[in-house]
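Undergrad: I'll drop the sequence and a predicted model, then ask my questions.
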Number of protein chains: 2
Amino acid sequence: MGFRVAVVGATGNVGREILAIMAEREFPADDVVALASSRSIGQEVSFGEDDILKVQDLETFDFRGIDIVLSSPGAKISAVHSPRAAKAGAVVIDNTSQFRMDPDVPLVVPEVNPGAIAGFVKRGIIANPNCSTIQLVVALKPIHDAAGIERVNVATYQSVSGAGREAVEELAEQSIQLLSGKGPVTARVVAKQIAFNCVPQIDKFEDNGYTREEMKMVWETRKILEDANIRPSA
Amino acid sequence: MGFRVAVVGATGNVGREILAIMAEREFPADDVVALASSRSIGQEVSFGEDDILKVQDLETFDFRGIDIVLSSPGAKISAVHSPRAAKAGAVVIDNTSQFRMDPDVPLVVPEVNPGAIAGFVKRGIIANPNCSTIQLVVALKPIHDAAGIERVNVATYQSVSGAGREAVEELAEQSIQLLSGKGPVTARVVAKQIAFNCVPQIDKFEDNGYTREEMKMVWETRKILEDANIRPSA
């Protein structure tokens, strides 16, 4: 018997990728439900090459009977619906930043701290770190085990798609404008001109002068490696 | 009475910029000569908004009577002509990598080690560091003076123009191809697709796994701060 799985945020780039990978790996699901906000109702999303799923309304969806929820609709929406799904009995794997630093929610990278998963019993939610943190801790874990780690200096080079589909569209529009000699361009989505540029700012600045994206790598690395003394600087 | 100045590599991006800044700052020159390789002979370059200079042949130019040479034609060409100009009595300020690590040539950043300029008497040449090193040592100098420096971790984000005009053309061509849905593109000048990309390699890899550009920041920082114990990692 397979699982009943709900994918929350199924129309987003990440949700679509989750569905594609589930199909590719033949995830043992008897039933897969695609959920999104009410403005996406009636849309269809692909599940593998052959199947099409009709998007259902997250707001009114009854999670009873669902075994696993894969949630990536954005932090504010997860804040409401991940606990709701967990209360209905599902195990929620939450891909947003909402629960990562919640002491009652394990923050798990399977290659690094699989055992932490046991902590899901507290709230029914397992959080997934920031993509940069995942790559970092996979590299750090064996060093941390062998010798301990005092400091980490890390630089990431992230694609525009991390800022969402609108940012990718802005990149294309600005590129076309500039290549046609129709500059200067106006930034709407990304803080500065993003075409032919590399903007050293992801998310807002915190009071300490680091951006939130940079601080996520500090907070999450400490939690996953269970070592509050590591000093990462991103 | 003003100086007689020769700009070597006058048709390149850097040479043109040197001429523009000299004009903008009203550098006290009585005479400015634009020199380049024989294939640029007869070309004209701007000197400020009003003046035009005819490019002369570097190969056969007689440097006698020239006070200052500003040289940025590439390392191999500087190797031949900067010593030749110095022997003819000019002070050569060399912008290439050719003489930077020569123990008889001072490597000078005016904001950091202006006194080192005195060493020019040995060979008549003053070298200018890599652009990344310049910015780095200006920031490091006061810290080095106040507390000393053991390690430096540095990440640079460099524009494609650093790889020359052909690389910039490749960037434009690839961008147009990709925006027109005509990918994948073929890399000719830059090691990998450079359009909509950030390639973490500048120059060739050295035996130690760092690129030459990265090692320049190590070697040059140590020379300028006169401290062989600093360990930069770029």
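TA: Structure's in. What do you need?
Undergrad: could you pull up phi and psi at residue A:54?
TA: phi -80, psi 130 (degrees, to the nearest 10).
Undergrad: residue contacts, the residue nearest in space to the middle of chain A?
TA: In chain A, the residue lying closest to the centroid (C-alpha atoms, centre = their mean) is residue A:95, at 3.9 Å. Residue A:95 sits next to A:14, A:70-72, A:128 when contact means C-beta atoms under 8 Å, 6 or more residues apart in numbering or on different chains. Any C-beta I mention is one placed from the backbone N, CA and C, and that applies to glycine too.
Undergrad: with just CA atoms, put the lengthiest helix in chain A into PDB.
TA: Longest among the helix segments of chain A by residue count, using DSSP state H, is helix A:131-147. What follows is helix A:131-147 as a C-alpha-only set of coordinates in PDB (Å, rounded to 0.1, in the frame of the first residue of the first chain):
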ATOM      1  CA  CYS A 131      19.400  25.600   0.000                       C
ATOM      2  CA  SER A 132      22.800  27.300   0.700                       C
ATOM      3  CA  THR A 133      22.900  25.800   4.200                       C
ATOM      4  CA  ILE A 134      22.200  22.300   2.900                       C
ATOM      5  CA  GLN A 135      25.200  22.300   0.600                       C
ATOM      6  CA  LEU A 136      27.400  23.900   3.300                       C
ATOM      7  CA  VAL A 137      26.600  21.400   6.100                       C
ATOM      8  CA  VAL A 138      27.100  18.400   3.800                       C
ATOM      9  CA  ALA A 139      30.600  19.600   3.300                       C
ATOM     10  CA  LEU A 140      31.100  20.600   7.000                       C
ATOM     11  CA  LYS A 141      29.800  17.500   8.700                       C
ATOM     12  CA  PRO A 142      32.800  15.200   8.300                       C
ATOM     13  CA  ILE A 143      35.200  18.100   9.200                       C
ATOM     14  CA  HIS A 144      33.100  18.900  12.200                       C
ATOM     15  CA  ASP A 145      33.100  15.200  13.300                       C
ATOM     16  CA  ALA A 146      36.900  14.800  12.700                       C
ATOM     17  CA  ALA A 147      38.200  18.100  14.100                       C
END
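Undergrad: about what we covered before: closest to residue A:22 among the contacts of residue A:95?
TA: Distances from residue A:22 to the contacts of residue A:95, taken as C-beta to C-beta, are shortest for residue A:70 (8.2 Å).
Undergrad: quick one on the thing from earlier: give me the contact status of the longest helix of chain A with chain B.
TA: No - Helix A:131-147 is not in contact with chain B by C-beta under 8 Å from any C-beta of the partner chain; minimum separation 13.8 Å.
Undergrad: which helices and strands does that helix pack with?
TA: Judged by 3 or more C-beta pairs under 8 Å, 6 or more residues apart in numbering or on different chains; DSSP states H and E, the packing partners of helix A:131-147 are helix A:212-224.
Undergrad: can you list contacts of the helix it packs on?
TA: With C-beta under 8 Å, 6+ apart as the criterion, helix A:212-224 contacts A:97, A:100-101, A:107-109, A:112-113, A:116, A:129-130, A:132-133, A:136-137, A:140, A:152, A:154, A:202-206, A:208, A:210, A:228, A:230-234.
Undergrad: and those, which of them are in strands?
TA: Per DSSP state E, strands hold the following members of these: A:152, A:231-233.
Undergrad: farthest from the middle of chain A: give me that residue.
TA: In chain A, by C-alpha atoms, centre = their mean, residue A:181 is the one farthest from centre (36.9 Å).
Undergrad: any idea how far residue A:17 is from residue A:161?
TA: 11 Å (C-beta to C-beta, to the nearest Å).
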